[in-house]
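# just a sequence and a predicted model for now, questions to come.
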Amino acid sequence: LRQEDIVKKRPPIFLIPGLASTRLVAWKHKDCSSTNNNNNKKKKKKKSRFVSDIKFQDYVWLNMKLIVQMGTTSTNYCWEDCMTLGWNQSDSLSPDNNNGCKLRPDEGLDAIASLAPPGVSSDWLVGQTNTVFAWLHQWLADNLGYDVTNLVALPYDWRLSPNRMEERDGYFTQMRKRMEAAVQANGGLPGIVVAHSMGNVIFRYYLLWLKVQLRKEAFDRYLRKEKNKQKRRKQKEQQEQQQQASSSNTNGHPPGSWFYGFDNLYHSFFGEQQQQQQQPAQQQQQQQQQMAVSVPSKQVVVDEALPELE
């Protein structure tokens, strides 16, 4: 390949590992001196120098030291307790969660490159069987120029069911955001999904989940669009009512026009003269009404007094 071809944008590749192919990390310290036997009865005993606690950020899967410790110490089930989920796929088997274990999937490409980090424990695995996608990472980087901008790992807690993965970790929501961001960062090129074993089941579930989410989002957009239409329609009706009210107050001429100004000038100049001419006529009418009311009352008084004069 030419150097200019390697520098060009590459379609992003998304790697989804299979069952037990994601490294799990402890997010809580677990005291292994208090262990469970086969009858789930806790026994406190003096800690042996061959028994070590599970510390914060320790690799639990895959940790050969803890596995050998469990296999050689018949009374210690610390690693097994830590790997086992509780009721409803909870983090701990302990009822009070004081000495429980909290595991979460590791992050980045290294989480699915190899299960056990380099060291004595990883050398015990014959034939480098702890390697997952490390060889693929190296080949894509050496031959096609891939890096962290277009090579994305999607590790997950393979002990959980898909719906629980979304409820607890928001796995599919994060997967969608990371996919969309990688596609946008690489010029809109379509992504390539490489899934192995159980990763294919997870990806199929993601497609069904995404279909439901897109349908909900489309329905929400439709509702927002209809609400905006109704809002604009109401605003338009209010504006029309205001225009009709203003036109009725200005004899059909909208404010700001020269007709509107002429009407105001006409009413201000000739309106006073019309009022002055109408005032004498109104006064005469009021006087006639008062006389018409007062004359019959006097006649009534005279009529009542006539019999007394006779």
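Perfect, thanks for sending it.
# contacts only, for the closest residue to residue 205 other than its chain neighbours.
Leaving aside its chain neighbours, residue 205 sits nearest to residue 162 (4.3 Å; criterion: C-beta to C-beta, 6 or more residues apart in numbering). Yep, even glycine has a C-beta here, placed from its N, CA and C like the rest. Residue 162 makes contact with 172, 201, 202, 205, 209, according to C-beta atoms under 8 Å, 6 or more residues apart in numbering.
# tell me the SS of the last one?
Going back to what we said before, that points to residue 209. Following DSSP: H, G, I helix; E, B strand; the rest coil, the label given to residue 209 is helix.
# below-threshold pLDDT in the stretch 51-200 of the chain: ranges please.
51, 71-76, 92-98, 117-130 (pLDDT under 70).
# now the helices: where do they sit in it?
64-72, 78-83, 110-113, 120-123, 134-144, 162-169, 171-185, 198-249 (DSSP state H, counting those that start in this stretch).
# residue 153 is nearest to which of those helices?
Residue 153 sits nearest to helix 110-113 of all those, at 5.1 Å, using C-beta to C-beta.
# give me the contact list for that closest one.
Contact with helix 110-113 is made by 15, 17, 21-23, 105, 131-134, 137, 153, 155, as judged by C-beta under 8 Å, 6+ apart.
# what subset of those is buried?
Among the contacts of helix 110-113, those classed as buried by 16 or more other C-beta atoms under 10 Å are 15, 17, 21, 22, 23, 105, 132, 133, 137, 153, 155.
# just flag the most distant two among those.
For these, the maximum inter-member distance is 17.3 Å, found between 105 and 137 (C-beta to C-beta).
# residues contacting the residue nearest to residue 12 when sequence neighbours are not counted?
Spatial nearest neighbour of residue 12, excluding adjacent residues (C-beta to C-beta, 6+ apart): residue 182 at 4.0 Å. Residues in contact with residue 182, defined by C-beta under 8 Å, 6+ apart, are 12, 14, 149, 150, 152, 191.
# ditto for residue 61
Neighbours of residue 61 in contact, by C-beta under 8 Å, 6+ apart: 20, 22, 23, 24, 83, 103, 115.
# give me the buried entries from the contacts of residue 162.
The neighbour count (16+ other C-beta under 10 Å) marks 172, 202, 205, 209 as buried among these.
# measure the last one to residue 216 for me?
So the one you mean is residue 209. Distance of residue 209 to residue 216, given as C-beta to C-beta, to the nearest Å: 11 Å.
# what's the answer for the second one, then?
When C-beta to C-beta is the yardstick, residue 202 and residue 216 sit 21 Å from each other.
# what does the third one give?
Distance of residue 205 to residue 216, computed by C-beta to C-beta: 17 Å.
# for the closest residue to residue 141 other than its chain neighbours, grab the count of nearby residues.
Of all residues not flanking residue 141 in the chain, residue 147 sits nearest, at 6.6 Å (C-beta to C-beta, 6+ apart). Residues near residue 147, counting by other C-beta atoms under 10 Å, number 11.
# before we move on, back to that, now for the buried ones among the contacts of residue 162: which two are most distant?
Farthest-apart pair in those is 202 and 209; separation 10.2 Å (C-beta to C-beta).
# enumerate every residue touching the nearest residue to residue 183 once chain neighbours are set aside.
With sequence-adjacent residues excluded and distances taken as C-beta to C-beta, 6+ apart, residue 183 is closest to residue 191, at 5.4 Å. By C-beta under 8 Å, 6+ apart, the residues touching residue 191 are 11, 12, 13, 14, 179, 182, 183.
# isn't the fifth one right up against residue 13?
No. With contacts defined as C-beta atoms under 8 Å, residue 179 does not count as touching residue 13, sitting 10.8 Å away.
# shared neighbours, these two?
Common contact partners of residue 179 and residue 13 (C-beta under 8 Å, 6+ apart): 152, 191.
# now do the SS call for the residue lying closest to residue 53 once chain neighbours are set aside.
In this structure, residue 53 finds its nearest non-sequential neighbour in residue 32, 4.9 Å apart by C-beta to C-beta, 6+ apart. Here residue 32 is recorded as coil under three-state DSSP.
# residue boundaries of the strands in the stretch 1-150 of the chain?
Assigned by DSSP state E, counting those that start in this stretch, the strands in the stretch 1-150 of the chain fall at 13-16, 24-26, 34-36, 42-44, 59-61, 103-105.
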